[in-house]
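S.K.: below: sequence and its predicted model.
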Amino acid sequence: MVVKADFLDITIDPDAPGADDENADGLNLGGLIDAGYKIGGGEGLFIEPQAALAVLYTDIDDAEVFGGTVDFDDETSVRGRLGLRLGYDQTAANQVVYSSDVTASVWQEFNGDNDATIATPGFPAFGVSDNPGETVGDISLGFSVAAPEGWSGFLRGNYQFSYDLDAVAGNAGVRYSW
């Protein structure tokens, strides 16, 4: 389980001659519950069904741009994930554990659009929105090494995709448990 708070300092750059940048504060409050069950644990091949639920509340202050205002609606995102991880663990003679895996997941946003209202002098106010409510596929590959002295390291890369999304990410790290 993860709980987080982000205190945001947002700069809006209108990218027009003579226009000044506008600053707005924002707040994210959220949490993530992630669960899985490794079947065939120990050394060798394993399979792990996974599920996750993430909730994020976002509040962004209104901003003044070009003499008008942008009013951001407070939004709550609720995303779920179902996945399956297939991997292999091997313990060497020196008790170092080597693990590799591939994970396939599907993410779904359950709430609707993110909305803002733009009001400028001399024009009627109008709304704009984005629609994050699509289903996203996620494929990842991972490799890790864990030594009996408490040191471990990992590499992970993933690819997310949907109708209008292609994203690649990578992570690497070293941990020490005491």
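M.R.: That came through fine.
S.K.: let's verify residue 112: helix, strand, or coil?
M.R.: Taken by DSSP: H, G, I helix; E, B strand; the rest coil, the conformation at residue 112 corresponds to coil.
S.K.: for it, phi and psi?
M.R.: phi -90, psi -150 (degrees, to the nearest 10).
S.K.: hey, where'd the strands end up in the protein?
M.R.: Taking DSSP state E as the criterion, the chain carries its strands at 2-12, 22-36, 44-60, 63-65, 68-72, 75-91, 97-109, 114-119, 126-130, 135-146, 151-162, 165-176.
S.K.: can you add mean neighbour count and mean pLDDT and give these back as JSON lines?
M.R.: From N, CA and C alone the C-beta is placed, and that goes for glycine too. Listed next are the strands of the chain as JSON lines, based on neighbours: other C-beta atoms under 10 Å; pLDDT from 0 to 100:
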{"stretch": "strand 2-12", "mean neighbour count": "10", "mean pLDDT": "91"}
{"stretch": "strand 22-36", "mean neighbour count": "14", "mean pLDDT": "93"}
{"stretch": "strand 44-60", "mean neighbour count": "15", "mean pLDDT": "95"}
{"stretch": "strand 63-65", "mean neighbour count": "16", "mean pLDDT": "81"}
{"stretch": "strand 68-72", "mean neighbour count": "17", "mean pLDDT": "86"}
{"stretch": "strand 75-91", "mean neighbour count": "16", "mean pLDDT": "94"}
{"stretch": "strand 97-109", "mean neighbour count": "16", "mean pLDDT": "96"}
{"stretch": "strand 114-119", "mean neighbour count": "16", "mean pLDDT": "86"}
{"stretch": "strand 126-130", "mean neighbour count": "11", "mean pLDDT": "85"}
{"stretch": "strand 135-146", "mean neighbour count": "16", "mean pLDDT": "96"}
{"stretch": "strand 151-162", "mean neighbour count": "14", "mean pLDDT": "97"}
{"stretch": "strand 165-176", "mean neighbour count": "10", "mean pLDDT": "95"}
